[in-house]
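Asker: Quick one, structure for this:
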Amino acid sequence: MSSQDDEPEIRVMAFVLMAAVVLAVGLAVGIGVQQSRGGAKTSSGMATPVTAPAAAPAAAPLGDDASVVVENGVVKFYFESGKADLASGALDALGEAINAAKAGGKLVISGFHDATGDPAFNAELARQRAMVVRDALVGAGVAENAMELKKPEQTTGSGNNAEARRVEVMIAP
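Answerer: Numbers count the residues shown, from 1 in each chain. As a prediction, this is how the structure comes out:
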């Protein structure tokens, strides 16, 4: 078999990957637009900020599925192994952070990964996950200059593998 025989398969895989990325970004932007239109109007016609419902704190994700929790003011996005897809309810959990950023605050976004597999691949995947969270925030109306992507000193997350695969969003003091 020559390398030319493999090109159609590579093209199909590249197309499927690109379609998934476009779908994820489109979904994040659509949710952000919907969220921004959801504020109630006051008598002056100004929209009131939409605040997220309080999420129950959790020490770790329940399994290997994508999830999001708010713990001590830090929004933690947990990811499936090898994936960078946000869990449902991601923007709801970011309500306080979005409001803080729109009011002039700064958000710090940090990506972590588990210790399994290739370290270089894991580092890139942690970066991609952080970028997905950043893109969701941009889709929700947060200015890019209100966010800082910060590589943690220890990028391998603590805890079990499911807990280690996370992105954290903190409101900078």
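Asker: helices and strands of the protein: which one has the lowest mean pLDDT?
Answerer: Lowest by mean pLDDT, DSSP states H and E among the helices and strands of the chain is helix 3-36, with a mean of 54.
Asker: What ranges does this structure have for its helices?
Answerer: Under the criterion DSSP state H, the chain contains helices at 3-36, 90-93, 95-102, 119-139, 161-164.
Asker: List the buried residues in the last one.
Answerer: It refers to helix 161-164. Neighbour counts over helix 161-164 (16 or more other Cβ atoms under 10 Å) mark 162-164 as buried. All C-beta spots, glycine's among them, are computed from the backbone N, C-alpha and C.
Asker: again with the third one
Answerer: By neighbour count, with 16+ other Cβ under 10 Å as the criterion, the buried positions of helix 95-102 are 95-101.
Asker: mind giving me JSON lines with the buried residues of helix 161-164 and columns for pLDDT?
Answerer: Formatted as JSON lines, the buried residues of helix 161-164 follow (pLDDT from 0 to 100):
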{"residue": "162", "pLDDT": "80"}
{"residue": "163", "pLDDT": "82"}
{"residue": "164", "pLDDT": "85"}
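Asker: pLDDT wise, what is the nearest residue to residue 142 once chain neighbours are set aside at?
Answerer: Once flanking residues are discounted, residue 142 sits nearest to residue 101: 4.4 Å by Cβ to Cβ, 6 or more residues apart in numbering. pLDDT for residue 101: 94.
Asker: Residue numbering should commence at 29 henceforth.
Answerer: From this message on, residue numbering opens at 29, which makes the last subject residue 129.
Asker: Surely residue 129 and residue 135 touch.
Answerer: Yes. Look at residue 129 against residue 135 with Cβ atoms under 8 Å: they come within range, at 5.2 Å.
Asker: okay, and the common contacts of those two?
Answerer: 165, 170, 174-175, 199 (Cβ atoms under 8 Å, 6 or more residues apart in numbering).
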